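> please find the sequence and the predicted model below.
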Amino acid sequence: MSDAAHHPRHIVVGIDGSRGALNAAAWAAEVAALHRVPLRLLFVHDPSEGGRRGEAHHGEHERQRAQDAHMHLTEAAEVARHVAASGPTRPGTTEIRMEMRAGTSFTALLEAADAAELLVLGARSDSSSAPASLVTTAALIARSACPVAVVRPGFRRTGGSIVTGVRSDGEPDVLHYAFRHAQLSGTVLRAVHSVATGPNSSIPDLTAGSDEARDRLDAWLAPERGRFPEVVVDPITTEAPADEVLVRYSSSAELLIVGRGVPAAPRGMLGRTATGVLMRATCPVIFAGPHRRLRYAGK
């Protein structure tokens with residue numbers, strides 16, 4: 001049984017033996033070291049896979065599955081420990097735990113997210129499973145009780161800024177999360193707001209360069225600037241759709257932090273910006289709010 005309940009602040013990484021999962025473990029190790037929280041590597045196996053077997057064959061199958069899971073978890077742990085040991089913040093002090101759980105990956109990861117501060121998933125690179133994997137990842141992002149990070153295969157650190165999208169309602173929880181992360185990492189925060197509006201929007205049309213657009217963005221940023229005065233902020237207004245702009249910035253950004261959807265959307269659905277970023281962003285992305293309370297952002 002997992003001891004996650006005794007460690008309410010931890011990061012969970014889904015491990016499945018793929019290269020994407022190893023990338024996710026490496027990235028998560030850096031974040032865990034930065035935020036000084038334990039890292040939990042979770043491998044989920046579905047007992048229903050493989051169909052009905054005779055008792056002898058079933059036992060052999062389960063032993064092989066356990067060996068494979070241990071191998072994948074050990075490999076991910078070694079990667080995570082190497083990253084944690086070479087990190088700039090308290091090197092080598094990150095607690096790394098391994099766990100194997102029976103069930104479906106979707107359900108087990110959602111359950112793990114209930115007690116986690118961040119759920120980290122590796123995006124698959126193989127084209128054959130990409131569409132199905134994307135749908136499953138989107139559903140996990142939308143339904144998770146905590147923020148969800150998606151790490152692309154082969155990502156490289158750019159030394160760039162953290163980029164966050166600022167919606168027309170300001171999304172104070174997401175902004176707080178972004179400011180907190182920028183403070184801990186000592187990184188410039190680029191806050192992007194698109195003045196583009198849909199046909200049913202109640203927000204009046206603005207020009208990106210207008211004083212009103214800039215003043216509105218400054219007003220949304222003001223509370224967090226007051227809480228985190230040391231964070232350097234680069235406010236940007238644009239007339240292009242938010243998802244297009246954020247995807248463009250992702251090529252040089254260290255991290256994107258965006259909201260999961262609109263408050264009125266049914267639970268389990270992502271908004272347009274989150275969907276576009278999930279499909280096309282090239283750097284790691286953290287999807288936060290608004291369905292559940294943000295815990296990982298700090299107090």
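Received, thanks.
> now the strands for the stretch 51-200 of the chain?
Under the criterion DSSP state E, counting those that start in this stretch, the stretch 51-200 of the chain contains strands at 96-102, 118-122, 148-151, 162-165, 189-194.
> distance to Gly261 and mean pLDDT for the ones you listed - can I get that in a markdown table?
C-beta coordinates here come from the backbone N, C-alpha and C atoms, glycine included. Supplementary listing: the strands of the stretch 51-200 of the chain in a markdown table, determined by distance: least, C-beta to C-beta, whole Å; pLDDT from 0 to 100:
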| stretch | distance to Gly261 | mean pLDDT |
| --- | --- | --- |
| strand 96-102 | 28 | 94 |
| strand 118-122 | 16 | 96 |
| strand 148-151 | 12 | 96 |
| strand 162-165 | 12 | 96 |
| strand 189-194 | 16 | 95 |
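> and these, which is most packed in?
Of the strands of the stretch 51-200 of the chain, the one with the most neighbours on average (mean count of other C-beta atoms under 10 Å) is strand 118-122, at a mean of 28.
> tell me which stretches of the stretch 51-200 of the chain form helices.
Listed in chain order, the helices of the stretch 51-200 of the chain (DSSP state H, counting those that start in this stretch) span 55-85, 105-114, 130-143, 172-185.
> identify the residues contacting Thr238.
With contacts defined as C-beta atoms under 8 Å, 6 or more residues apart in numbering, Thr238 is in contact with 192-196, 208, 245.
> how about the strands of the stretch 51-200 of the chain in TSV, adding distance to Asp234?
TSV is the format used below for these (distance: least, C-beta to C-beta, whole Å):
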stretch	distance to Asp234
strand 96-102	35
strand 118-122	25
strand 148-151	22
strand 162-165	9
strand 189-194	5
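> what about the closest residue to Thr136 other than its chain neighbours, neighbour count?
In this structure, Thr136 finds its nearest non-sequential neighbour in Phe106, 6.2 Å apart by C-beta to C-beta, 6 or more residues apart in numbering. Here the number of neighbours of Phe106 (other C-beta atoms under 10 Å) works out to 15.
> tell me the one of the contacts of Thr238 nearest Ser251?
Closest approach to Ser251 among the contacts of Thr238 (C-beta to C-beta): Val245, at 11.7 Å.
> excluding chain neighbours, what is closest to Leu109?
Nearest in space to Leu109, with sequence neighbours left out and distances taken as C-beta to C-beta, 6+ apart, is Gly14 at 5.5 Å.
> part of a helix, is the one you found?
No: the secondary structure assignment for Gly14 gives strand rather than a helix, going by DSSP: H, G, I helix; E, B strand; the rest coil.
> brilliant, that's me finished.
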